[in-house]
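>>> coords please:
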Amino acid sequence: MSLVAQPPNPSPVRPPGLEAMADMIIGWLKWGVIVAGVVGILVCAAMIIIGRRNRSATAYEGLIGSAWILGGLALASVAAVLVGAFQV
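Below you'll find the model as predicted:
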């Protein structure tokens, strides 16, 4: 039987006095992502509408852009889960 020493693995602890500031920054970033996502989707929708007649490249760019925006919003929505999955 071999005994292997395990290194300490403490759980994450918020630094005292920084909890409110960290929560505020994360809240601002979440709000910014939501605003950017709404504006991005509206711009892409306008590009698709404008590009309907004889401007197929504009409509194509709007469609591709909306896919990128949805991908970014999906990544932002699972950010906390992803970070939690890779905790050391």
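>>> Quick check: the gap between the closest residue to residue 37 other than its chain neighbours and residue 34.
Nearest residue to residue 37 in three dimensions, chain neighbours excluded: residue 73, at 4.7 Å (Cβ to Cβ, 6 or more residues apart in numbering). Bear in mind the C-beta positions are built from the backbone N, C-alpha and C, glycine included. Computed as Cβ to Cβ, to the nearest Å, the residue 73 to residue 34 distance reads 8 Å.
>>> which one of the two has more residues nearby?
Ranked by neighbour count (other Cβ atoms under 10 Å), residue 73 and residue 34 place residue 73 first, with 16 against 12.
>>> Nearest residue to the middle of the protein?
Central residue of the chain (Cα atoms, centre = their mean): residue 76, 1.8 Å from the mean position.
>>> That one reaches residue 35, doesn't it?
No - using Cβ atoms under 8 Å, residue 76 is not in contact with residue 35, being 11.8 Å away.
>>> which residues touch residue 87?
residue 12 (Cβ atoms under 8 Å, 6 or more residues apart in numbering).
>>> That one: what secondary structure?
Counting by DSSP: H, G, I helix; E, B strand; the rest coil, the backbone at residue 87 sits in coil.
>>> which parts of the helix ranked longest in the chain are buried?
Looking across the chain with DSSP state H, the single longest helix is helix 19-50. Across helix 19-50, burial judged by 16 or more other Cβ atoms under 10 Å covers 33, 37, 40, 41, 44, 47, 48.
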